[in-house]
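>>> Okay, structure incoming, though there's no sequence with it:
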């Protein structure tokens, strides 16, 4: 177990390193930050640009910049933003909680909806609830998230005025962005829950559980669902990456001061330190969540635990 | 007469438009065992699930009848209860044990959790009390270290141990009626004997009524007080067990009993015997108009077809921090035998004996760790790729599960023609003709070539598999438990087909089986495997009539005898089948064989 853990953690660290390298390299293909910084400042000479480059530190060779970034990572020093000079760790410090809470709120919405709906669809296979859930899922799959977000804003913020249209301010501000993301995740998750549940319900031990006289709720949610959990968790790990990607768009629509907004602005400003750090933190998160999920397998399934 | 605890009156059950149980009536008394026998599709399991009211949850409709049960609150018609009311009876007053112990327990909950669940639900015990009661139950089913077992998970237990856990679970709330659906079919014979003994003893102790569903007449003879014979959803005959076996009235019952291979039926005969089939018709039992034929096909004067010498197959098990090899499965250890043209050599043994691994190694599906296999005098390792490929034609395989071994998306004709076409033995047109010939030879028709596997019955599918194996004109067929999944009447037909093909074509068979009665009927010589080594090898008559090794004797005595008058009272063997998994460095001792009479070798 210890051996397995060490191996997985080393693998995770290596993966994060590869990601940082790819990001640092790719980002420098997007253009010269000095040009962007100099915009609106009247005529600039090549000498001015060179001064800006020296000030930003982008005149140094790529490997020097990259190892400087890595060194900073060890002490959680991500450098300073090219725009305004704020320490990047401070920017991430306010943006990350906003994004993480929204991501988990979205996952929560999706789990609360997709598990009971998926189970219902599996137990009523081919009958009307299953068909209705299938149609709901198809609609959910075909909606783009920004469109759904806009529709929610039109209905609940503008027409009904129940919820704030945008911003990051207390519980009510979470509802629409979390529901937007949650509904879209639910559309896929329902189908996954349904399929794995159908497989599990065919198992002999489900019949045995029923033969004991257990209630259907116990049979479905204790005996069957726990056996679906491995598949569902694995998929959740994969989905988490997509979720963080999708959040960039939803954060824009709801003006949510999260990592997505931060990244979006950084791209526009060629703000290397911010962009590089945001992507590194997000990928470390995704890798970390998947590592946790791998470890959780052992908790759920004793067969994996004893291996 | 005592009032029955359960009586079924005119029960009819339908799935969609098909009626799977038709106007069925029977009853069970407390303290007695009623065996329900019948072949697949006879409706015996559906009836059991109807009593539990689990059949309607799977989509069945009760088209008529009553199931009267003497519950602790007085008599009730189970079919009239709601699922909610039924839940207080299920698991408490009527319990059920299923066929597959490997899949009956939920893999993610501990044994203790799964047994105590019913006790907490029905007996209102606290968690701690329930676990204590669970440990007592595990002691009753004779599991060693019952307290320790509570914390273990199903995958840590063998099949026999799991089935004991199932029994403990079923008996947890002291039910009045226990339904056991083929509870020992998936188990090895020595383990089967243990489970049957436990069931018998506990039935006496608790005084419960038992409905015992089985297709195995040997088990019926051993367990039942009364018997109901079912066919196509109807009751064919009922009576007490001795009468049914001694004086069956209905032709179907007679044919069913005649088809059962009986251990010891071949006593005094040197060679296998092909016996005519008996079948039930409207006028009675007819025996096919053919003569018995002594299967004198083995050509021991010829050069051996297959020679296996010192075969060793081991699998490494990697464990620990650096994934080093810590254990090895010693599947096959220094096994040697010879098969002559036209001969049937049976490999018998229980789970983990290595019999299937030997078959797979001969078929080159599994690499040998050491040792040699020679076919027609040439070692397999000396062959080049093309020769190996050609050899695959000469050695064919028939598997246990005919459904699993046919591609569901390909027609039977395609599956049969495939080996001919892959080995480029003939043109497509000739192959088609050959397919038709083969289908007719195995008792099907040319029209079956266009059908898909799901359109065949189990027996027909096995015929298709045999036709496929014959397509390349093989000289040796490895038949790995190929009759185990078939009903006895079908089994008898396939045995005769295999013997006819042997007589016609001089085929040799390596017949891998755990079923001693079938082995006795079909084989020329027998090798008994125990933990990867041959412990006894000899002519069929030598091994069956004068078994010399203690394991062979134990194996033979564990087989239930299909005769209720000779119930054994000898104590059943205890203990598990030991595992071939050993730590590295702990090599098993290799047995030495000595010849006690001509051709009869026993490990000393």
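Looks like it came in fine. All of these numbers come straight from a predicted model, not from anything done at the bench. Numbering: from 1, shown residues only, chains lettered A, B, ... in the order given.

>>> Break chain A into its domains for me.
A:2-74, A:90-305 (automatic domain parsing).

>>> Equivalent analysis for chain B, please.
B:6-259, B:306-561+B:576-603.

>>> and residue B:206, what is it in contact with?
Contact partners of residue B:206, counting by CB atoms under 8 Å, 6 or more residues apart in numbering or on different chains, are B:171, B:174. Where C-beta positions appear, they are placed from N, C-alpha and C, glycine not excepted.

>>> could you show me where the helices are in the stretch 201-307 of chain A, in order?
Counting by DSSP state H, counting those that start in this stretch, the stretch 201-307 of chain A has these helices, from start to end: A:204-211, A:216-218, A:225-253, A:259-268, A:272-300, A:302-305.

>>> again with the stretch 51-200 of chain A
A:62-74, A:88-123, A:128-142, A:145-152, A:171-201.

>>> In CSV, list the ones you listed along with mean pLDDT and mean neighbour count.
Shown next, in CSV, are these (pLDDT from 0 to 100; neighbours: other CB atoms under 10 Å in any protein chain shown):
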stretch, mean pLDDT, mean neighbour count
helix A:62-74, 84, 14
helix A:88-123, 93, 19
helix A:128-142, 91, 14
helix A:145-152, 87, 16
helix A:171-201, 92, 21
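
>>> ok so, going back, now tabulate the domains of chain A in a markdown table and tack on distance to chain B.
Shown next, in a markdown table, are the domains of chain A (distance: least, CB to the nearest CB, whole Å):
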| stretch | distance to chain B |
| --- | --- |
| domain A:2-74 | 4 |
| domain A:90-305 | 3 |
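
>>> Could you export those domains as JSON lines, including distance to residue B:404?
Shown next, in JSON lines, are these (distance: least, CB to CB, whole Å):
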{"stretch": "domain A:2-74", "distance to residue B:404": "33"}
{"stretch": "domain A:90-305", "distance to residue B:404": "16"}
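
>>> Now do the contacts for the residue of the stretch 1-150 of chain B found nearest chain A.
Nearest residue of the stretch 1-150 of chain B to chain A (CB to the nearest CB) works out as residue B:91 at 3.4 Å. With contact taken as CB under 8 Å, 6+ apart, residue B:91 is in contact with A:211-214, B:118, B:121-122, B:172-173, B:175.

>>> Just the element for the nearest residue to residue B:286 once chain neighbours are set aside, please.
Excluding the flanking residues, the one nearest residue B:286 by CB to CB, 6 or more residues apart in numbering or on different chains is residue B:279, at 5.8 Å. Applying DSSP states H and E as the criterion places residue B:279 in strand B:278-281.

>>> Can you give me the buried ones in that strand?
B:278-280 (16 or more other CB atoms under 10 Å in any protein chain shown).

>>> Out of the residues you listed, flag the one nearest to residue B:80.
Distance to residue B:80, by CB to CB, is smallest for residue B:280 among those, at 36.4 Å.

>>> which one of the buried residues of strand B:278-281 sits closest to residue B:601?
Among these, residue B:278 lies closest to residue B:601 (CB to CB), at 36.7 Å.

>>> The closest one contacts residue B:259, correct?
Yes - Residue B:278 lies in contact with residue B:259 (CB atoms under 8 Å); the separation is 6.8 Å.

>>> picking up where we left off before, dihedrals phi and psi, the residue of the stretch 1-150 of chain B closest to chain A?
Here is the backbone geometry of residue B:91 (degrees, to the nearest 10): phi 80, psi -30.

>>> and what of the one 3 residues further on?
With angles defined as degrees, to the nearest 10, residue B:94 sits at phi -130, psi 120.

>>> So what pairs up with it in the strands?
With DSSP bridges as the criterion, residue B:94 is bridged to residue B:90, residue B:177.

>>> and it, what does it touch?
Contacts for residue B:94 (CB under 8 Å, 6+ apart) come out as B:6, B:51-52, B:69, B:175-179.

>>> Out of the residues you listed, which end up buried?
B:6, B:51-52, B:69, B:175-179.

>>> And the strand holding residue B:279, how far out from the chain middle?
Offset of strand B:278-281 from its chain centre (CA atoms, centre = their mean, to the nearest Å): 24 Å.

>>> ok, now stretch B:221-236?
19 Å.

>>> May I see the buried residues of it?
Buried residues in stretch B:221-236 (16+ other CB under 10 Å): B:221-231, B:233-236.

>>> ok, the closest residue to residue B:501 other than its chain neighbours to residue B:500 distance?
Spatially, and ignoring its direct neighbours in sequence, residue B:501 is nearest to residue B:507 (5.6 Å; CB to CB, 6+ apart). Separation of residue B:507 from residue B:500 (CB to CB, to the nearest Å): 10 Å.

>>> cool, and residue A:180?
Using CB to CB, one obtains 71 Å as the distance from residue A:180 to residue B:500.

>>> okay, which residue is most central for the chain?
I went with chain A, as the question did not name one. residue A:244 (2.4 Å; CA atoms, centre = their mean).

>>> Let me rephrase: I mean chain B.
Centroid check for chain B by CA atoms, centre = their mean gives residue B:484 as the closest residue, at 4.7 Å.

>>> Secondary structure element holding that one?
Using DSSP H and E, no helix or strand contains residue B:484.

>>> which residues does it contact?
B:400, B:513-515.

>>> Recalculate using a threshold of 6 Å.
By CB atoms under 6 Å, 6 or more residues apart in numbering or on different chains, the residues touching residue B:484 are residue B:400.

>>> Now do the phi/psi pair for it.
On the backbone of residue B:484 - angles per degrees, to the nearest 10 - the values are phi -70, psi -30.

>>> Quick one: name the residues of the stretch 51-200 of chain B near chain A.
The stretch 51-200 of chain B comes close to chain A at residues B:52, B:54, B:87, B:90-92, B:96, B:98, B:100, B:103-106, B:108, B:118, B:153, B:155, as judged by CB under 6 Å from any CB of the partner chain.

>>> Give the buried subset of those residues as a ChimeraX selection command.
If you want just the buried ones from these in ChimeraX, going by 16+ other CB under 10 Å, the selection is:
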select /B:52,54,87,90,91,92,96,98,100,103,104,105,106,108,118,153
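
>>> hey, which strand is longest across chain B?
Across chain B, the longest stretch assigned as strand under DSSP state E is strand B:324-339.

>>> how about the next helix or strand after that strand: buried residues?
Following strand B:324-339 in sequence order, the next helix or strand is strand B:344-348 (DSSP H and E). Within strand B:344-348, the residues that qualify as buried are B:344-348, counting by 16+ other CB under 10 Å.

>>> Closest approach to chain A from the stretch 451-600 of chain B, which residue is it?
For the stretch 451-600 of chain B, CB to the nearest CB, closest residue to chain A: residue B:581, 13.9 Å.

>>> contacting residues for that residue?
Residues in contact with residue B:581 (CB under 6 Å, 6+ apart) are B:327, B:329.

>>> what bridges to it?
Bridge pairing for residue B:581 - DSSP bridges - gives residue B:329.

>>> Could you report the neighbour count for the residue lying closest to residue B:68 once chain neighbours are set aside?
Of all residues not flanking residue B:68 in the chain, residue B:7 sits nearest, at 5.0 Å (CB to CB, 6+ apart). Residue B:7: 17 surrounding residues under other CB atoms under 10 Å in any protein chain shown.

>>> helix/strand/coil for residue B:7?
Following DSSP: H, G, I helix; E, B strand; the rest coil, residue B:7 is assigned to strand.
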